[in-house]
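Novice: Just to be clear, the model below is a prediction. Sequence and coordinates:
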Amino acid sequence: MSNEMLLAAQKPVLTDNVISMNNVRKAYTTGKVTFEALKGVDFHARRGEFLAIVGPSGSGKSTMMNIIGCLDIPTSGDYVLDDQVVNKLNSNQLADIRNRKIGFVFQAFNLLPYATAYENVEVPLLFARVNARQRKERIMALLSRVGLADKVANKPTEMSGGEMQRVAIARALANEPDIILADEPTGNLDTKSGGGIVQLFHELWQSGKTIIIITHDMNIARQSGRVFKLKDGLVDTNGNGI
Amino acid sequence: MQWSTIYNVFVRDFRKQKKRITLTIIALCWGTISIMLLLGFGEGLHRQLSVNGKGMGEGISVLWPGQTSLPWKGLGKGRPIRFVPEDVDYLKNKIPELKEVGGEYHRWGVSIKYGDKVVSEHINGLSPNYQDMRNHIPAAGGRMINDLDMQYKRRVVFLGNKLAERLFSDTPADNDNWFQESPLSKEVAQKAVGKEILINGMPFTVVGVQIHKMQMNSYSGMDADKASIPATTFEAVFGDPWLDNIIYMPNDVRRMKEVERKVFEVLGQKYKFDPKDQRALGIWDVAANQKEMDNMLFGIKLFLGIIGGLTLLIAAVGVANIMYVSIKERTREIGIKMAVGARRGYILTQFLLEAILITFAGGFLGMFISIALTEGFKRVNIQSEVLAFMGRPTISIEIGLVVVAILGVMGIMAGLFPAMKAASVSPVESLRYE
């Protein structure tokens, strides 16, 4: 059975749109120069979908990710996440959404260098005001789930890239978000560890999470349920079938 | 805003970053110590100079007889003037502005003997008001010459502290240096009082020993080296008809010049010389000297103040720089925290708390170390002529608090601004910061 068929067989039932973008534009102004990274993008993701956003450098992938992840807000256009109109929220509300609804996995891991694996996973839980006992239970469960039960007290400097990315995934899962957003999660990893990470995303997807991976690695994109192509800040309608 | 969240994150991060925090505290501490010690030594120098300048007495003028240089009422120039003991009362009666007047005899190279110790020293005949005018202050257990001593021409002697040490101490200190600090030992002060010493073979009873004082100027040697006996006794014993000096102190030191003019008029009338003849009498206006000294001290204080201010500025820039860099390099950390759901307020409160704790810990630590150092320095007994001039560093708590407050506010602002900037831009930009 091919990989695609396996995925199709296990595909969870897709329900409503968890992410809905209509004519989203994002412009950056540096001095007198204004650069439009997104020039009116429509994008929808359904709950439980596994999708890849691909495109060459400068296509607006990262801007997409930042807007989906509520790290940034669109200059114009609507972005509705889980029935909430994101472009109308203030910074505290955005922080709360990032904390509870979205789990981030970055290419550069973005772990706190001075903190152990345990403490890194703890950060979002602290901001979500989870009590100490529950924090401990959840962190231990998450670290075992990503296969790092024995590296709880290790700092990022004492771990391999693959292990660091697993810590980052555990952190992304801390508040049980619906959406996992990964920006080139395997970009800094060798093939073997990268494969392990992709495998982990598959498992998460099977457990019902919406997974959005931004990548330009076509091998990873092929393993997703759907590929969304960007080119020059616009949806690339050609060759969606990869 | 949830204080428990802020507290949890704060305590956790604080514990995690001991090294960075310790280094920042040490830097702040050092800044505080250096400026406080500078100001402390400055203050010590200032105090010491103003004390030293007053050892010989405050608000007095010293007179000594001269020679006329102008002809006056048929008398030619070059006529010597001599003071007699009666001049003291004469001046006091004629010039009501005078508070105290005293006459003084000197004799050098007088043998003074106690037991088997003999020294050749300077003997003074003077009056009880030298205690006020010239700071002849007795150590505990003794007294200065008094009015009855004067009246009965008693053979009593008031000893300078160094002279007393030489006569009565078993281990007299090296006395070559006038400015050498030699605190009078308690035993010597107590041992000397009531003892008989021989001055030129005549027995005198010691009634008191002078306390240690810093004296920077003199007209007849240092008081510490002298033996003082009542002026009346001196006259009787040595048969000296002429006073060597007259010292007076006006009621109001601001009227010194006016009093001086009157002294010339009154004595000019008595001894028949031109009141404008500046060479008929020698005069040393110690108060004018002290005024100059005060101006100089003000200059020193101003100088130290400017240096202190500039040092404070440098320290403040240093502290601001440390805080700025230490927060700036955590921009990425701020980005990470915001990406996983920290609100802006959490970030700012955490960094503000950290900055407050670090700057005040460093500031107060520095303040206490400076105080401990200067207190320690005060207690160590160092025999040094440098110290006698420089004085002991003195730190005022008020200045310390102002220094700590200024450095603290600078540190906090320098820490808060980059934190505010990092928290106000989108987390993406903070994450990109290297």
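Specialist: Ah, there it is. Not measured: the values here are computed from a predicted model. Numbers count the residues shown, from 1 in each chain, chains lettered A, B, ... in the order given.

Novice: What helices and strands are in contact with the top strand by length along chain B?
Specialist: Ordering each strand of chain B by length in residues (DSSP state E) puts strand B:98-114 first. Packed against strand B:98-114 by the contact rule (3 or more CB pairs under 8 Å, 6 or more residues apart in numbering or on different chains; DSSP states H and E) you find helix B:86-94, strand B:117-126, helix B:130-133, helix B:161-168, strand B:196-199, helix B:231-238, strand B:245-250. All C-beta spots, glycine's among them, are computed from the backbone N, C-alpha and C.

Novice: Could you pull up the residues touching the residue of the stretch 201-350 of chain B found nearest chain A?
Specialist: Nearest residue of the stretch 201-350 of chain B to chain A: B:Gly341, at 2.3 Å (CB to the nearest CB). B:Gly341 makes contact with A:Ala95, A:Asp96, A:Arg98, A:Asn99, A:Arg100, A:Pro124, A:Phe127, A:Ala128, A:Asn175 under the criterion CB atoms under 8 Å, 6 or more residues apart in numbering or on different chains.

Novice: The first one: which element?
Specialist: Right, the one you point to is A:Ala95. Per DSSP states H and E: A:Ala95 is located in helix A:91-100.

Novice: Give the other helices and strands that that helix contacts.
Specialist: For helix A:91-100, the contact count by 3+ CB pairs under 8 Å, 6+ apart identifies helix A:117-127, helix B:331-339, helix B:344-379 as packing neighbours.

Novice: now the ones you listed as CSV including mean pLDDT and distance to A:Phe104?
Specialist: Compiled in CSV, the helices and strands packed on helix A:91-100 are given as follows (pLDDT from 0 to 100; distance: least, CB to CB, whole Å):
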stretch, mean pLDDT, distance to A:Phe104
helix A:117-127, 92, 9
helix B:331-339, 89, 6
helix B:344-379, 85, 17
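
Novice: Of those, which is nearest B:Arg20?
Specialist: Nearest to B:Arg20 among those is helix B:344-379; the distance by CB to CB comes to 9.4 Å.

Novice: got the helices and strands packed on helix A:91-100 as JSON lines, with distance to A:Met65 and mean neighbour count columns?
Specialist: Output for those, formatted as JSON lines (distance: least, CB to CB, whole Å; neighbours: other CB atoms under 10 Å in any protein chain shown):
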{"stretch": "helix A:117-127", "distance to A:Met65": "18", "mean neighbour count": "25"}
{"stretch": "helix B:331-339", "distance to A:Met65": "11", "mean neighbour count": "24"}
{"stretch": "helix B:344-379", "distance to A:Met65": "21", "mean neighbour count": "19"}
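
Novice: Turn those helices into JSON lines, including distance to B:Lys54.
Specialist: Converted to JSON lines, these look like this (distance: least, CB to CB, whole Å):
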{"stretch": "helix A:117-127", "distance to B:Lys54": "65"}
{"stretch": "helix B:331-339", "distance to B:Lys54": "59"}
{"stretch": "helix B:344-379", "distance to B:Lys54": "20"}
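
Novice: Enumerate the beta-bridge partners assigned to the residue nearest the centre of chain A.
Specialist: For chain A, A:Leu181 is the residue whose C-alpha lies nearest the centre (CA atoms, centre = their mean; 0.8 Å). Listed beta-bridge partners, A:Leu181: A:Phe104, A:Ile212 (assigned using DSSP bridges).

Novice: quick one, what contacts it?
Specialist: Contacts of A:Leu181 (CB under 8 Å, 6+ apart): A:Met65, A:Ile68, A:Gly69, A:Ile102, A:Gly103, A:Phe104, A:Val105, A:Ala172, A:Ile212, A:Ile214.

Novice: which among these gets closest to B:Ile81?
Specialist: For those, the nearest to B:Ile81 is A:Phe104 (102.4 Å; CB to CB).

Novice: And the closest one, how far from A:Thr29?
Specialist: Applying CB to CB, to the nearest Å, the value for A:Phe104 to A:Thr29 is 25 Å.

Novice: Out of these two, name the residue with the larger neighbour count.
Specialist: Per other CB atoms under 10 Å in any protein chain shown, whichever of A:Phe104 and A:Thr29 has more neighbours is A:Phe104, with 27 against 9.

Novice: For chain B, what is the nearest residue in chain A?
Specialist: Closest point on chain A to chain B, by CB to the nearest CB, is A:Asn99, at 2.3 Å.

Novice: In contact with that residue, which residues are there?
Specialist: The contact partners of A:Asn99, by CB under 8 Å, 6+ apart, come to A:Pro124, A:Phe127, A:Ala128, A:Asn175, B:Val340, B:Gly341, B:Ala342.

Novice: Tabulate those residues (a markdown table), appending distance to B:Val428.
Specialist: Formatted as a markdown table, these follow (distance: CB to CB, whole Å):
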| residue | distance to B:Val428 |
| --- | --- |
| A:Pro124 | 17 |
| A:Phe127 | 18 |
| A:Ala128 | 21 |
| A:Asn175 | 20 |
| B:Val340 | 13 |
| B:Gly341 | 15 |
| B:Ala342 | 14 |
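
Novice: Max pairwise distance over those residues: which two?
Specialist: Using CB to CB, the pair of these lying farthest apart is A:Asn175 and B:Ala342, separated by 12.7 Å.

Novice: Which one's more surrounded, these two?
Specialist: The neighbour comparison of A:Asn175 against B:Ala342 (other CB under 10 Å) goes to B:Ala342, with 26 against 20.
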